[in-house]
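S.K.: sequence first, predicted model second:
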Amino acid sequence: MRDGRQDWDATHDVIVVGSGAGAMTGALAAAGDGLDTVVLERTKLLGGTSAYSGAAVWLPGTQVQERAGLDDSAETAGNYLRALTGDAEAERREAFLRHAPELVARLEADPAIEFEWRPFPDYVAAPGRMDAGRSFVPLELAPALLGDLLPLVRPAIDRDRLGKGHPDAPLSQGRALIGRLLLALTRTRNALVRIEHQVIGLVSEDGRITGVEVLAPHGKVRMRARRGVLLAAGGFEGDEALRAGHQVPGRAAWSMAPRGTNTGEVLEAAVAAGAATGLMDEAWWCPGTELADGSAAFTLGLRGGLAVDGSGRRFANESLPYDRMGRAIAAAGGADASFHLIFDSREGGALPAITVPPADPADHLAAGTWVRADTLPELAALIGVPAETLTETVARFNGFAADGEDIDHHRGEDPYDLFFAGTENAPGPNPCLIPLDRPPYYAARLVLSDLGTKGGLRTDVHARVLDAQGRPLPGLYAAGNTSASFTGRVYPGPGVPLGTAMVFASLAVRHMAQGSGEAG
């Protein structure tokens, strides 16, 4: 952080740091309000982890749910959130609920942005939960509509990790969301997007954040923000030292963030300016299947198999929502323990789950991240668990499958469990309990992955960054994983990270546009 009067290389009304869903929503809102806006992205590609996502957006009580005929409202969603989080962060919760319908209406007023509801259950059984879900997704986007902008959008994770661009097909999921926001933003004529511009510091004048220091391709520059700086650049999941320092379980290599991103420099710059933090040991957890290069594939939607720890025993309901299953892995030992998903040949040796990026059985077997054996004792030897215990675990599970009741972990008793179950092929009364009885058997190593850290800068209802005394730091705002989530240690439903990032980025810009953040 630098103090005192500065010589500026560029001046804008609003500086947005990051290019995920929250950042792009904030930039679009600012430019739409006539504010001179610049988006600063450290890499060559826009979208961050948002571009990898399924792009479910948890924004309750909007016109999207109304079009789908859902009986949803801000009130019922509020009941659900209060049941999960209690009285904590009540003001931010209510601000989120009030602004979500307005934000969606504003976004969909732009012809570049269209959403539709798709079923995906809320994650926790509590009053106000919607078993069919209340989140929605963007419609697919034809590449031709983006034109020369297409190469700026980060591709899907499997292609991005191999250095490939987009396939010759419509953009879907997170790519569609970022592409649509980018298309709308460029049509405002009030915004610039700068790639390869890494923010390395904040500039302070007379106790106010007035700009940023940037490492650009042509060297270091200082950029002034008349109204404010919005930090929406993700968390710090990609930095092993910061994870260790804040005791975040898992490993940077297992996180789903794009490689070389989300390493916490922006967050540390805000802390140096006096910002307070919260939930720094938290993340949006998920199971991961280990890949040959030491990274992981986000794993969800289990429709068969069972998970065991290093003792060869089950330790959780394998059909839990991914954040809760991740927490179960953390509680059972996390990065310091051994976990495997055990499955049989019912699906021809394919993993009975969804993985992002997709799993190729032949590649995994060749790399040794999966193993195969004709018998369970042989499989146990390959993964280092007691043969007798693994055999007993599978036999007990097969008994549950025959009876239709998992008396150990209650798999198949919740609507979320059933959402991914292959009911048409289930041999027993509970479609979530599929017996393991078709050799050869397989074991895939499970690790504790995450979709990003969820701790960060403390903020208020306007997304203003707060200091240790709870006072706003003038000129500085934060949203998404750069801020501490108001949902605390709970993941209420699909799309909460994106939805909350988008709402609070919009609220930050509203505060700036009203002149409340204007520099003298």
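M.R.: Cool, got the structure. Residues are numbered from 1 along each chain as shown.

S.K.: quick one: contacts for Leu28?
M.R.: Leu107, Asp110, Leu181, Ala184, Leu185, Thr188, Ala191 (Cβ atoms under 8 Å, 6 or more residues apart in numbering). Heads up, the C-betas are built off the backbone N, CA and C, glycines and all.

S.K.: so for the residue in the chain sticking out farthest from the centre, what's the pLDDT?
M.R.: In the chain, the residue that sits farthest from the middle, by Cα atoms, centre = their mean, is Glu388; the gap is 39.0 Å. Per-residue confidence (pLDDT) for Glu388: 98.

S.K.: likewise for Ser516?
M.R.: 56.

S.K.: do the same with Ala426
M.R.: Reading off the model, Ala426 has pLDDT 77.

S.K.: quick check: it vs Pro435, distance?
M.R.: The gap separating Ala426 from Pro435 is 10 Å, by Cβ to Cβ, to the nearest Å.

S.K.: just Phe315 next, same as before
M.R.: Relative to Pro435, and taking Cβ to Cβ, Phe315 is found at 20 Å.

S.K.: please apply the same query to Asp7.
M.R.: Where Pro435 is concerned, Asp7 sits at a distance of 72 Å (Cβ to Cβ).

S.K.: three-state assignment of the spatially closest residue to Asp36 that is not a sequence neighbour?
M.R.: Closest residue in space to Asp36, ignoring its immediate chain neighbours: Asp13 at 4.4 Å, by Cβ to Cβ, 6 or more residues apart in numbering. Here Asp13 is recorded as strand under DSSP: H, G, I helix; E, B strand; the rest coil.

S.K.: was I right about Leu146 contacting Gly179?
M.R.: Yes. Here Leu146 reaches Gly179: they are 5.5 Å apart, a contact under Cβ atoms under 8 Å.

S.K.: among the helices and strands of this structure, which has the poorest mean pLDDT?
M.R.: In the chain, no helix or strand scores lower on mean pLDDT, DSSP states H and E than strand 2-3, which sits at a mean of 54.

S.K.: check contacts around Gln198.
M.R.: Leu40, Arg42, Val214, Leu215, Ala216, Glu265 are the contacts of Gln198 under Cβ under 8 Å, 6+ apart.

S.K.: turn those into CSV, including pLDDT.
M.R.: Converted to CSV, the contacts of Gln198 look like this (pLDDT from 0 to 100):
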residue, pLDDT
Leu40, 98
Arg42, 98
Val214, 98
Leu215, 98
Ala216, 97
Glu265, 96
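
S.K.: pull out the buried members of those.
M.R.: Leu40, Arg42, Val214, Leu215, Ala216, Glu265 (16 or more other Cβ atoms under 10 Å).

S.K.: can you list those residues in a markdown table and add secondary structure?
M.R.: A markdown table is the format used below for those (three-state DSSP):
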| residue | secondary structure |
| --- | --- |
| Leu40 | strand |
| Arg42 | coil |
| Val214 | strand |
| Leu215 | strand |
| Ala216 | strand |
| Glu265 | helix |
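
S.K.: average pLDDT for stretch 195-212, rounded please.
M.R.: The average pLDDT for stretch 195-212 rounds to 97.

S.K.: what residues of that stretch count as buried?
M.R.: Buried-residue list, stretch 195-212, by 16+ other Cβ under 10 Å: 195, 197-199, 201-205, 208-212.

S.K.: same question for stretch 308-321.
M.R.: 308-310, 312-321.

S.K.: widest-spaced pair of those residues?
M.R.: Distance extremes for the buried residues of stretch 308-321: the farthest pair is Gly312 and Pro321 at 24.9 Å, using Cβ to Cβ.

S.K.: who touches Leu418 in this structure?
M.R.: Counting by Cβ under 8 Å, 6+ apart, Leu418 makes contact with Gly412, Pro431, Cys432.

S.K.: most surrounded residue in these?
M.R.: In terms of neighbours by other Cβ atoms under 10 Å, the contacts of Leu418 top out with Cys432 at 28 neighbours.

S.K.: I'd assumed Ala421 was in contact with it.
M.R.: Yes. The pair Cys432 / Ala421 is scored as a contact, 4.9 Å apart, by Cβ under 8 Å.

S.K.: between these two, which contacts overlap?
M.R.: Shared contacts of Cys432 and Ala421 (Cβ under 8 Å, 6+ apart): Arg303, Ser319, Gly412.

S.K.: excluding its backbone neighbours, what's nearest the residue most central in space within the chain?
M.R.: What sits nearest the mean C-alpha location of the chain, by Cα atoms, centre = their mean, is Leu451, with 4.3 Å. In space, and not counting its chain neighbours, Leu451 is closest to Trp284: 4.2 Å by Cβ to Cβ, 6+ apart.

S.K.: go on, Gly207?
M.R.: According to Cβ to Cβ, 6+ apart, the nearest residue to Gly207 is Pro474 (6.8 Å).

S.K.: right, and the helix or strand after the one helix or strand that neighbour maps to?
M.R.: Counting by DSSP states H and E, the element that carries Pro474 is strand 472-478. Using DSSP H and E, the helix or strand that follows strand 472-478 in sequence is helix 496-513.

S.K.: now the buried residues of stretch 195-212 in a markdown table, with secondary structure?
M.R.: Formatted as a markdown table, these follow (three-state DSSP):
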| residue | secondary structure |
| --- | --- |
| Ile195 | coil |
| His197 | coil |
| Gln198 | strand |
| Val199 | strand |
| Gly201 | strand |
| Leu202 | strand |
| Val203 | strand |
| Ser204 | strand |
| Glu205 | strand |
| Arg208 | strand |
| Ile209 | strand |
| Thr210 | strand |
| Gly211 | strand |
| Val212 | strand |
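
S.K.: nearest to Asp336 among the residues you listed?
M.R.: Using Cβ to Cβ, Gln198 comes nearest to Asp336 of the buried residues of stretch 195-212, at 33.2 Å.

S.K.: beta partners of that closest one?
M.R.: Judged by DSSP bridges, the bridge partners of Gln198 are Leu215.

S.K.: the strands in the stretch 51-200 of the chain, which residues?
M.R.: Here the stretch 51-200 of the chain has its strands, by DSSP state E, counting those that start in this stretch, at 115-117, 136-138, 191-194, 198-205.

S.K.: figure out which of those strands is closest to Thr261.
M.R.: Within the strands of the stretch 51-200 of the chain, the stretch nearest Thr261 is strand 198-205; the backing value is 10.1 Å (Cβ to Cβ).
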